[in-house]
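Student: Could you work out the structure for the sequence below:
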Amino acid sequence: MGLKRIQIFSGAQLKYIAFISMLIDHVNNALITPMLDGSGFLLYLSNIFSILGRIAFPIFVFFIVEGFFKTKSRKKYLITLIVFGIISEVPFDMFTSKTFFNPYWNNMMFTLALCLITIWIIDALKEKIKIKALWYTVSIIIVIILGLSAMELSLDYDYHAVVVAYIFYIFYDKPLIRAGLGYLSIIKELYSFLGFGLTLTYNGKRGKQYKWINYLFYPVHIFILGILRFYLNI
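Tutor: Numbers count the residues shown, from 1 in each chain. Here you go, the predicted structure:
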């Protein structure tokens with residue numbers, strides 16, 4: 001009941017907070033960090049942007065799990081993530097590496113797709129494995145295998161995203177435990193507690209969302225940042 005007081009944001013509002021956080025982080029990585037000389041205003045600004053940029057990741061993984069439980073078609077949801085992963089890959093390589101093809105670092109849409117696949121497999125096995133302890137054991141093995149796959153595929157946030165998605169799935173109805181364990185699993189990203197904390201403010205309402213903005217924001221903004229990196233030669 002105590003959480004009700006802070007559950008003030010709809011799904012749409014939290015997603016747009018995450019979009020702003022992601023944009024700040026990507027502007028920092030693409031345009032500010034390459035120009036740092038070790039001191040001065042730019043370093044201070046970069047540090048602030050880096051902190052604010054840690055908000056996005058937990059919220060996006062949170063809504064993958066939320067979407068898994070609430071979408072009308074999980075198959076269509078997964079296909080959409082993969083399609084936009086393909087669309088985003090060249091812009092992502094332009095933005096991160098100033099190249100048109102970099103197989104050693106792949107974009108976040110593929111990461112989110114793998115998170116969805118992970119919890120989908122585990123959830124399907126829940127119906128078939130009636131012994132709870134065995135199901136938990138098998139689910140952890142699946143997380144390990146797909147986490148290693150994320151590393152092998154060089155996905156953004158690699159195994160951390162798979163682990164956080166699993167925690168969010170297992171503790172779906174226990175928001176405080178979910179946020180706390182999720183943060184501990186990626187505590188090296190110290191300021192990500194801001195994003196995990198914001199998941200506690202979700203009021204369960206979808207809010208007014210624009211589907212195509214939700215999907216197009218990622219490839220469009222990294223494409224623009226990629227062009228700027230080429231144009232400014234940074």
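
Student: Output the helix or strand containing Leu225 as CSV, restricted to C-alpha atoms.
Tutor: Using DSSP states H and E, Leu225 maps to helix 211-232. Output of helix 211-232 as CSV, limited to C-alpha atoms (Å, rounded to 0.1, in the frame of the first residue of the first chain):
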residue,chain,number,x,y,z
LYS,A,211,3.4,3.1,-31.3
TRP,A,212,5.6,4.2,-34.2
ILE,A,213,7.3,6.9,-32.1
ASN,A,214,8.1,4.2,-29.6
TYR,A,215,9.8,2.1,-32.2
LEU,A,216,11.3,4.8,-34.5
PHE,A,217,12.8,6.9,-31.9
TYR,A,218,15.7,4.5,-31.4
PRO,A,219,17.0,4.1,-35.0
VAL,A,220,16.2,7.7,-36.0
HIS,A,221,18.1,9.5,-33.1
ILE,A,222,21.2,7.2,-33.4
PHE,A,223,21.2,7.7,-37.2
ILE,A,224,21.2,11.5,-36.7
LEU,A,225,24.0,11.1,-34.1
GLY,A,226,25.9,8.9,-36.5
ILE,A,227,25.7,11.4,-39.3
LEU,A,228,26.9,14.1,-36.8
ARG,A,229,29.9,12.0,-35.9
PHE,A,230,30.9,11.6,-39.5
TYR,A,231,30.2,15.3,-40.3
LEU,A,232,32.2,16.6,-37.3
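
Student: Only the buried residues of it, if you could.
Tutor: 214-215, 217-219, 221-223, 225-226, 229 (16 or more other Cβ atoms under 10 Å). Where you see a C-beta, it was placed from the backbone N, CA and C, and this is true even at glycine.

Student: can you put the residues you listed in CSV and add pLDDT?
Tutor: Listed next are the buried residues of helix 211-232 as CSV, based on pLDDT from 0 to 100:
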residue, pLDDT
Asn214, 93
Tyr215, 93
Phe217, 97
Tyr218, 97
Pro219, 97
His221, 98
Ile222, 98
Phe223, 98
Leu225, 97
Gly226, 97
Arg229, 95
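
Student: and which of the residues you listed is nearest to His160?
Tutor: The shortest approach to His160 among these belongs to Tyr218, at 18.5 Å (Cβ to Cβ).

Student: what stretches of this protein score poorly on pLDDT?
Tutor: By pLDDT under 70, the weakly predicted segments of the chain are 1.

Student: can you give me the helices for it?
Tutor: In the chain, helices defined by DSSP state H lie at 11-27, 41-52, 56-70, 74-97, 108-128, 132-152, 158-170, 175-185, 193-199, 211-232, listed in chain order.

Student: okay, now Phe95: neighbour count?
Tutor: For Phe95, the count of nearby residues is 23 (other Cβ atoms under 10 Å).

Student: need the contact list for it.
Tutor: With contact taken as Cβ atoms under 8 Å, 6 or more residues apart in numbering, Phe95 is in contact with 26, 29-30, 222-223, 225-226, 229.

Student: Kindly report the same for Ile129.
Tutor: Contacts of Ile129 by Cβ under 8 Å, 6+ apart are 135, 138.

Student: how far away is Gly180 from Tyr169?
Tutor: Using Cβ to Cβ, to the nearest Å, Gly180 is found at 15 Å from Tyr169.

Student: Columns distance to Pro34 on top of the helices of the chain, output as a markdown table?
Tutor: Putting the helices of the chain into a markdown table (distance: least, Cβ to Cβ, whole Å) gives the following:
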| stretch | distance to Pro34 |
| --- | --- |
| helix 11-27 | 12 |
| helix 41-52 | 10 |
| helix 56-70 | 21 |
| helix 74-97 | 11 |
| helix 108-128 | 20 |
| helix 132-152 | 26 |
| helix 158-170 | 23 |
| helix 175-185 | 30 |
| helix 193-199 | 25 |
| helix 211-232 | 8 |
